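**Student:** show me the folded form of this:
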Amino acid sequence: MDNNASPSPDPDATTRRRSGRVVRAPTKFTPDTATQSTNPKRKRDDQDDEEEDEEEDAEIEAPDSDEEMSNEPDNDSDEDHPAPRSRKKSSQTSRAKKPSAKKPKINGSKPLRPARVTHAAKSLPSRPKKSVRIEDAAVKGHGLYSHLFGSGDSSKSVAEEWLASYKTNAVAATADLVNCILQCAGCDQLITEDDVLDLDNVAGRLADLQSIYQEQQITDYPLISRTKHSRSFRDVLISFFECLIVDMHQGRLMYRDETFLDNLHTWLASMSSSSLRPFRHTATTISLAVQSALVTVANDLDYRLKKSTEKRDKEQTNKDRKACADAIQSFFDTVFVHRYRDVDPKIRTECVEALGNWIISLPVIFLEPGYLRYLGWMLSDTNAPTRLEVLKQLTKVFRRDAGQLGHFIDRFRPRLVEMACKDSDVAVRVAAIGVIDVLRDQDLLEGEEVDAIGKLIFDNELRIRKAVVGFFVACTKDAISEKTKDLRDSEATEDIPRGKKASVDAPRMEWIDLKCLAETLAIYDNQIEEEHQSGQILGLDVAVDLLESAVPETRISLAAQVLFEKVNAIKQWTLLAGYLLFDHTTSSKSRSKGNNPDLAFKKAVAPTTEEESILLDVLSSAVKSSLTHAPDHDRSRKKPQTGKEAEDVRISPEDTAAELVIVIPPLLSKFGAEPDTAAIVLRLAHFLDLEIFKQLRQNTNRYEKLLDEIVTQFNRHDDKRVLSEATAALLHSRQYGELEEITDNKLSYLWETVITSLHNFDKTYELSSRGNLGEAPLRELSTVLLKISKLASISDCIDVLEADGDSSESTTNPAIQILANIVHRGKYEPLDDQDIDDLEDEVVSFAIKTCQFYFMWKTLAYSRLLSTTGSIADAELDRLSALRQTFRRHLIETLSSRAAIDQLRLFATGSLCDLHLTFATLRPTIDQLRPSSSSESQSSNGEKYKTLIQDIESGLIPELIAIFDGTEKQYAKKIKKDKTLNEPAEDEDPMADDEDEEDEDEDEGLSEEERFTAELKAEKALCELTAKYVLVITARLVDHKGSHGGKLRRRLLRNQNKLGNNFKEVVTYLDEEKLAERTRKKAAHAQAPTSAKPQKAQLSEAIVIGEDDEDDIFDDTPPPEEGSREDLRAKGLLEDDPIEDDDENEDEAERPAHESDDDVIGD
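**Tutor:** Next comes the predicted model:
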């Protein structure tokens, strides 16, 4: 212990700190090393704390402070660790000479423990949950270490036995204890009793031990060991020293013989400043445990002071309390003050945890600015677990003592808000939000800080939204209370009902909740919109572009998902629907004589247009959440719910289906004019469970009205989101057998409308020439083609698109021919107006998409026809040949006429691959056609139908490679890897550098979000194009014969490991050996548990499938091996012709595409 523990401080100690001179008597232990490097601890009263606050704050924020502390030389480190007082060394000398003569009758500690009942003592035995025997300690350990960790005895019993040995021979017991500490640090070198007596050589002896330790190159020690007993080791170690200190306190040995704490403090203080991490970490952990035990002792002494009535007992207890306080301060100043900013984050975290516990356990000492500031400084620690631990401790402190910490909170509250909003670690942000919520309960937040945290309800991290939902709801309730009070003061709520007595579609008190919720969401939503006015790309737009989603999750819907369980007004979504359907405009604008309370209430709760849009999004999310949550959540309760609990029960799926059919049509009538709100309402139709609708035997007339509204919205709007939602709703309704006929009638009406519009365009304009239309007709044509492509994606379009036009009109071309001609507009011709050019590309892309759907439906029809009748009319094949040739030629013109890698060029290239792959799916059906014994016509038909499967001519391979080169280079530039790509092989063409120099700086000036979005788009384009190439190569539709055989494959594999994991996984499917190896591993993994436990074969098989089914895109059936040649051949995607025949068929492969077409179909 340091000099503050002595009732009569030695003035020479202070003199020594100033001058360095030693004036102690030679008969006392005053080692030269210790006296030269030892200073008494600094007293930190409140005044000193305030003066040193800014200085130490700057010190802890310095980036190199941790490094400085971690590299302290040994001779300097001891200056911060006071040596024991000379008075205590004198007593130690006497003990060394006569170890058993002093206090021979102190054996009453055992009777004292059960008799003593204090709140501090009760809490200690809870730490060692059970005795743990660590095998390694029993084998390698010595003395106390082996007994503590290897015997299996409890920490308390080991501590009692050690105390007994201490009373017998204090020096030997102390040496055993220090050796135990050294062994805990992984050091197998031991000290002797002479080392214990020679305190002036502690630093030197430790230096020797460190040298030996470093020579052994030990990298592991028990506290950081990853063995199964590592956590138990730390618990046992801490428990032992806590029990030891408490037992010494209860037996008063700690006060009668202060030598023990002095010796322990000296060794621990020196080890805690060691440059070796094992020594430093172990000593710090033990020191913190000792100080925690001293805090418990101080609590017990305080309790005794309150209960003590005799003056003599109070004086003794006060004296003990002073000694305990001095010991606490000594350990704090010599260990914690330096180790809380140690370079090792584990040590820093342990210090923070200990300090928080001390503040909670002993607020009379530690609930002061001089100690609290360490927690504040550690909020900026570079280690996330350390910051997390600080926040955990602050949460406990603020919950109890926030009212007393105004200055501390004002100083560090901005940092807490910053951590909640911007910390890099999600767990830290969640904990910071919890701390902020505690401050909100105490009304200790500023308005802008409330808004900063409230906006986190829109955060993209689900854990953050769940963490902040309580804070958000509490703020909303404050607004509700304020608005309710204002309305009650004006007597506007006297006759307004609440609860079950109120009608859903009439004014009720819950509308105040909805109004305040909408206002709060609108305020935060507008604040976020303002933050993005600097040109940053909103996440919603990025999701639409990258994911091709109609209406992805908005921030309002994400917020509503977590609010669902917390806000009853959202959980009971029919109440929200009634609020939205109410005609607020009439009630708020009407005039009435005098002050009408009803009118005042209606005006106060009337939502704005923006708030209605927000609440619609909330309604959609609430319906979805109501259906996706477990329906039996509340059915497990045997007792019926009453009161507020009954109101919390969500609407059943059956009632949801019935209510939605009634609610959606009026919502579409009211909000269908605007695309944004119409798309949200149409999304509600996706949530209808048609099976439940069938079980309820609902009249289809209600659903037919809903379909009429959906059809109206499809015809009414040209917005992509609305059309996508309406298309999805129509597709959803076709899944229900009884509604399929009704839905098909609606679809026929829609087809008739859009096909008529297309024929009108064909009559008016030349649709095959680019650049001959203005902006208005182009937009109208684009809308028509978009609607046609949407309808073709959900219904068979063959008859509709092949039907001839009205013979009375000038045009008789079928719609599919018009669409194929429109694709010709994709042939590049420079236009002055960029907007017109973009519209032209959009028109072509919709036409390509529709034609692709047509060929897919056509291939499906052929497959069914060949499977049943086995024949297709020649005239039908001729028409298909001409149409396919036209479409294919226009695709090639589109992709080959463009030098830049734009979206339309990539889309046309992918569509060309899809066209060939679509017809390649007929291969298994055609191969099944076998000639009969009596006729050879079947054989000739089979050969004729085989020609439906057409290869991509090898002459296009250079063009395909050029497109891939440009796409690859674009992505490589986005991720700054364009300079590291592999060079072409000798037999490959060099990469053409045809890009402008301006492209080098195209990303400059972009925000981080915009740059990341561009990177994602480039990666998506590359992976999609590569996937198309991989499919046509593995299906042997290209690159398998001729002079260019294998060239495309080699080009795709050139930079396989350079462009990220997504690209790498795509091109992996070109390596058949890797695919076969992966499949063999899957098969072995699937068979192993089955052979071991045949009775659980089904369970094992299900687990394997669930784990691995996404590893292989060809994963259909186990035999043969997935991805192998046999598997592809079995699927009809691999011909039996060997590659050796390439030379024989080279001339045929080199023929132009149109000649091949004419030969394949129609002869």
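**Student:** I'd say Tyr524 and Asp459 touch.
**Tutor:** No - using Cβ atoms under 8 Å, Tyr524 makes no contact with Asp459, being 11.0 Å away. Backbone N, C-alpha and C define where each C-beta goes, glycine included.
**Student:** what mean pLDDT does stretch 880-895 get?
**Tutor:** The average pLDDT within stretch 880-895 is 92.
**Student:** can I get it as PDB, trimmed to CA atoms?
**Tutor:** Provided in PDB are the C-alpha atoms of stretch 880-895 (Å, rounded to 0.1, in the frame of the first residue of the first chain):
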ATOM      1  CA  LEU A 880     -41.500 -19.100 -87.100                       C
ATOM      2  CA  SER A 881     -38.300 -19.300 -89.200                       C
ATOM      3  CA  ALA A 882     -39.000 -16.000 -90.900                       C
ATOM      4  CA  LEU A 883     -40.000 -14.200 -87.700                       C
ATOM      5  CA  ARG A 884     -37.000 -15.600 -85.700                       C
ATOM      6  CA  GLN A 885     -34.600 -14.600 -88.400                       C
ATOM      7  CA  THR A 886     -36.000 -11.100 -88.500                       C
ATOM      8  CA  PHE A 887     -35.800 -10.700 -84.800                       C
ATOM      9  CA  ARG A 888     -32.400 -12.200 -84.600                       C
ATOM     10  CA  ARG A 889     -31.000 -10.100 -87.400                       C
ATOM     11  CA  HIS A 890     -32.300  -6.900 -85.700                       C
ATOM     12  CA  LEU A 891     -30.700  -7.900 -82.400                       C
ATOM     13  CA  ILE A 892     -27.300  -8.400 -84.100                       C
ATOM     14  CA  GLU A 893     -27.600  -5.100 -85.900                       C
ATOM     15  CA  THR A 894     -28.400  -3.500 -82.500                       C
ATOM     16  CA  LEU A 895     -25.400  -4.900 -80.700                       C
END
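**Student:** how far does it sit from the chain's center?
**Tutor:** 46 Å (Cα atoms, centre = their mean, to the nearest Å).
**Student:** any buried residues in it, and which?
**Tutor:** 880-895 (16 or more other Cβ atoms under 10 Å).
**Student:** same check on stretch 463-470?
**Tutor:** Those would be Ile464, Arg465, Lys466, Ala467, Val468, Val469, for stretch 463-470 by 16+ other Cβ under 10 Å.
**Student:** ok, stretch 677-689 next?
**Tutor:** Within stretch 677-689, the residues scored as buried using 16+ other Cβ under 10 Å are Thr677, Ala678, Ala679, Ile680, Val681, Leu682, Arg683, Leu684, Ala685, Phe687, Leu688, Asp689.
**Student:** redo the residues you listed as a markdown table? Include distance to Arg825 and pLDDT.
**Tutor:** A markdown table is the format used below for these (distance: Cβ to Cβ, whole Å; pLDDT from 0 to 100):
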| residue | distance to Arg825 | pLDDT |
| --- | --- | --- |
| Thr677 | 34 | 92 |
| Ala678 | 30 | 92 |
| Ala679 | 29 | 91 |
| Ile680 | 34 | 91 |
| Val681 | 35 | 92 |
| Leu682 | 31 | 92 |
| Arg683 | 34 | 90 |
| Leu684 | 38 | 89 |
| Ala685 | 35 | 87 |
| Phe687 | 40 | 84 |
| Leu688 | 40 | 81 |
| Asp689 | 44 | 76 |
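**Student:** for Glu418, state which of those is nearest.
**Tutor:** Nearest to Glu418 among those, counting by Cβ to Cβ, is Ile680 at 34.6 Å.
**Student:** host element of the closest one?
**Tutor:** Using DSSP states H and E, Ile680 sits in helix 675-684.
**Student:** name the helices or strands packed onto that helix?
**Tutor:** On a contact count with 3 or more Cβ pairs under 8 Å, 6 or more residues apart in numbering; DSSP states H and E, helix 675-684 meets helix 609-628, helix 653-671, helix 700-716, helix 720-734.
**Student:** looking at the buried residues of stretch 463-470, which is nearest Leu786?
**Tutor:** Nearest member of the buried residues of stretch 463-470 to Leu786, counting by Cβ to Cβ, is Arg465, at 34.5 Å.
**Student:** help me confirm that the closest one comes into contact with Leu558.
**Tutor:** Yes - using Cβ under 8 Å, Arg465 makes contact with Leu558 at a distance of 6.4 Å.
**Student:** what is in contact with those two at once?
**Tutor:** Phe458 (Cβ atoms under 8 Å, 6 or more residues apart in numbering).
**Student:** buried ones in the lengthiest helix in the chain?
**Tutor:** With secondary structure taken from DSSP state H, the chain has its longest helix at helix 834-868. For helix 834-868, a neighbour-count test (16+ other Cβ under 10 Å) marks 836-837, 839-859, 862, 866 as buried.
**Student:** with stretch 736-744 instead?
**Tutor:** Buried residues in stretch 736-744 (16+ other Cβ under 10 Å): Tyr736, Leu739, Ile742, Thr743, Asp744.
**Student:** next: stretch 912-930.
**Tutor:** With burial defined by 16+ other Cβ under 10 Å, the residues of stretch 912-930 counted as buried are 912-923, 925-926, 929.
**Student:** try stretch 766-777
**Tutor:** Buried residues in stretch 766-777 (16+ other Cβ under 10 Å): Leu767, Ser768, Arg770, Leu773.
**Student:** what's the closest of these to Ser652?
**Tutor:** Distances from Ser652 to those, taken by Cβ to Cβ, are shortest for Leu767, at 52.8 Å.
**Student:** do you know how far the closest one is from Gln903?
**Tutor:** 21 Å (Cβ to Cβ, to the nearest Å).
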